[in-house]
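Asker: Give me coordinates for this.
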Amino acid sequence: MRYYVITGGPLTAEASKIIENGEVIAADGGIDFCVRYGIKPAFAVGDFDSVSSEGLEAIKKAGIPIKTYPVEKDMTDTELALSFIPEEADITVVCPLTGRLDHIIANLQICASLHENGRNIILDDGVTQVNFLAGKDSVTVDVSRWGADTSVSLVPMSKRITGVTTGNLYYPLSDAAIEFGKSLSFSNKPVENASNISVSTAEGLLAVITSKAV
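Answerer: Numbering: from 1, shown residues only. Model (predicted):
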């Protein structure tokens, strides 16, 4: 089963298109997004310091369970939402990947850490998708939604990643090593007519960022 954790922030209509069958959890300001696009979450969680009063009232009227936490806490609302998801579940964190840089970095770090601990988790805002690889790992990403405008960047999240091998990328890598602070593996693209790309690693922590080339 796939769980969708919807956060607050500047999400667009594109984000609503990625939510398919599964269970939705609204994290604080994510309530407003759910109300705007007619998405009914299983429950809402957070300190509710960023949701609008109208959004909060709407889910109360809809009878959606609310789990309230104090503003002064040791976890973000997104972390709280993630803590309710079974370990074996697939997770998509629907969160802005533009805007508040600190929030973006926090969500990337939270999800990367969870993937390191065996969770199947991605981030997606409808425009950009982030997958993670940790240690001996591999991923296949469907790039059909971006078509010929697909951009793929392999972003190191640890000091050194080894055994990097790619499939269906224009600039291929085979058992390569890439390092934190180097841009060798940025701004790649799929080979012509490819509907998916693949990446595998032997060691290290890597983010595979797929988006529409600008």
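Asker: check contacts around the closest residue to Val94 other than its chain neighbours.
Answerer: Nearest residue to Val94 in three dimensions, chain neighbours excluded: Ile6, at 4.6 Å (C-beta to C-beta, 6 or more residues apart in numbering). Where C-beta positions appear, they are placed from N, C-alpha and C, glycine not excepted. Listed by C-beta atoms under 8 Å, 6 or more residues apart in numbering, the contact set of Ile6 reads 15, 19, 24-27, 30, 33-34, 39, 41, 94-95.
Asker: And those residues, which is closest to Glu87?
Answerer: For the contacts of Ile6, the minimum distance to Glu87 (C-beta to C-beta) is 15.3 Å, reached by Ile25.
Asker: Can you point out the helix or strand that includes the closest one?
Answerer: Using DSSP states H and E, Ile25 falls within strand 23-27.
Asker: Give me the sheet partners of that strand and which way each runs.
Answerer: strand 2-6 (parallel), strand 43-46 (parallel) (DSSP bridges).
Asker: Dump those into JSON lines; add distance to Pro86 as well.
Answerer: Below are the strands paired with strand 23-27 laid out as JSON lines (distance: least, C-beta to C-beta, whole Å):
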{"stretch": "strand 2-6", "distance to Pro86": "8"}
{"stretch": "strand 43-46", "distance to Pro86": "14"}
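Asker: looking at those, which is closest to Tyr171?
Answerer: strand 2-6 (31.6 Å).
Asker: Name the residues of that closest one that come out as buried.
Answerer: Buried residues in strand 2-6, defined by neighbour count with 16 or more other C-beta atoms under 10 Å: 2-6.
Asker: ok, and what's touching the strand holding Ile25?
Answerer: Outside strand 23-27, the residues touching it (C-beta under 8 Å, 6+ apart) are 1-8, 33-34, 39-46, 59, 64, 77-78, 80-81, 84-85.
Asker: what bridges to the residue nearest to Val94?
Answerer: Beta-bridge partners of Ile6, as defined by DSSP bridges: Ala26, Val94.
Asker: With Asp142 instead?
Answerer: With DSSP bridges as the rule, Asp142 is bridged to Asn196.
Asker: From Val94, how far off is it?
Answerer: Asp142 sits 17 Å away from Val94, going by C-beta to C-beta, to the nearest Å.
Asker: cool, and Leu108?
Answerer: For Leu108 relative to Val94 (C-beta to C-beta), the value is 14 Å.
Asker: For the residue nearest the centre of the chain, which non-adjacent residue is closest in space?
Answerer: For the chain, Leu123 is the residue whose C-alpha lies nearest the centre (C-alpha atoms, centre = their mean; 0.5 Å). Using C-beta to C-beta, 6+ apart and skipping the chain neighbours, the partner closest in space to Leu123 is Val130 (4.2 Å).
Asker: Check Gly55 too.
Answerer: Gly55 sits nearest to Asp32 (C-beta to C-beta, 6+ apart), 4.1 Å away.
Asker: Ok, Lys67 next?
Answerer: With C-beta to C-beta, 6+ apart, the residue lying closest to Lys67 is Val45, at 4.3 Å.
Asker: Sweet, I'm off.
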